[in-house]
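A.B. asks: model this:
(chains A and B)
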Amino acid sequence: EVQLVETGGGLVQPGKSLKLTCATSGFTFSTAWMHWVRQSPEKRLEWIARIKDKSNNYATDYVESVKGRFTISRDDSKSSVYLQMNSLKEEDTATYYCTRQTYYGYNFDYWGQGVMVTVSS
Amino acid sequence: DIQMTQSPSLLSASVGDRVTLSCKASQSIYNSLTWYQQKLGEAPKLLIYDANSLQTGIPSRFSGSGSGTDYTLTISNLQPEDVATYFCQKYYSGWTFGGGTKLELK
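C.D. replies: Down below sits the predicted model:
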């Protein structure tokens, strides 16, 4: 059974940092392309980052609003993907989902349960 | 940037109805369109990809159609378990979601 479990969320002050972890199991993580997607309190979904696999040099891509502040990374030995979030802003408040890109396209076929991040003073 | 607009934002229908949800892109996205279903308190679930391909395990009452800028998700014979918010997403030139259509029962 495929599982994605996000941890590391919480309440943080503006300007501070937080690191999210997504631990996965049930599939060959090393060849999967992984993403982070967030959902605002207003329920709007926003794709924020992607990391490819080793054969694609672990290439990363980000939405413009988080470039330079967020970093996606992975550890294939731990079947985990991470999201380092720096210089957090109140507008980063959201539920953050870890997702797996399908092997046959550009869609997201498995999602974690989500982790809440609240940025507030 | 290509914008995705869904309509209506709220749809009320009865069990057994055929319902149609719309998703419009601000320019052609060449069928690079996915539909997700999100039930209350859950993560989104992949329903339809490439505009009209049914994801494995999804009931056949769900179908997708469209091309260019205009896409449709149709649910035939609406069931109580279909109450959810439905999001479209394009992946041509990056991933962008629509604002969602909340489907409720009359």
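A.B. asks: near chain A, which residues of chain B show up?
C.D. replies: B:32, B:34, B:36, B:43-46, B:49-50, B:55, B:85, B:87, B:89, B:91, B:94-97, B:99-100 (Cβ under 8 Å from any Cβ of the partner chain). In this view, the C-beta of every residue, glycine as well, is placed from N, C-alpha and C.
A.B. asks: who's the residue nearest to the spatial centre of chain A bridged to?
C.D. replies: Centroid-nearest residue in chain A, with Cα atoms, centre = their mean: residue A:36, separated by 2.8 Å. Counting by DSSP bridges, residue A:36 is bridged to residue A:49, residue A:98.
A.B. asks: before we move on, what about residue A:80?
C.D. replies: On the basis of DSSP bridges, residue A:80 is bridged to residue A:23, residue A:75.
A.B. asks: can you pull the contacts of it?
C.D. replies: By Cβ atoms under 8 Å, 6 or more residues apart in numbering or on different chains, residue A:80 lies in contact with A:21, A:22, A:23, A:24, A:29, A:74.
A.B. asks: can you map out the strands along the chain?
C.D. replies: No chain was given, so I picked chain A. Shown for chain A, the strands assigned by DSSP state E span residues A:3-7, A:10-12, A:18-25, A:34-39, A:45-51, A:60-62, A:70-75, A:80-85, A:94-101, A:108-111, A:115-119.
A.B. asks: try again with chain B
C.D. replies: Under the criterion DSSP E, chain B contains strands at B:4-7, B:10-13, B:19-25, B:33-38, B:45-49, B:53-54, B:62-67, B:70-75, B:84-90, B:96-97, B:101-105.
A.B. asks: mind checking which of the ones you listed is nearest residue A:65?
C.D. replies: Closest of the strands of chain B to residue A:65 is strand B:96-97, at 12.3 Å (criterion: Cβ to Cβ).
A.B. asks: what pairs with that closest one, parallel or antiparallel?
C.D. replies: When pairing is defined by DSSP bridges, strand B:96-97 lines up against strand B:84-90 (antiparallel).
A.B. asks: picking that back up, could you dump the strands of chain A to CSV with mean pLDDT?
C.D. replies: Listed next are these as CSV, based on pLDDT from 0 to 100:
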stretch, mean pLDDT
strand A:3-7, 98
strand A:10-12, 98
strand A:18-25, 98
strand A:34-39, 98
strand A:45-51, 98
strand A:60-62, 98
strand A:70-75, 98
strand A:80-85, 98
strand A:94-101, 98
strand A:108-111, 97
strand A:115-119, 98
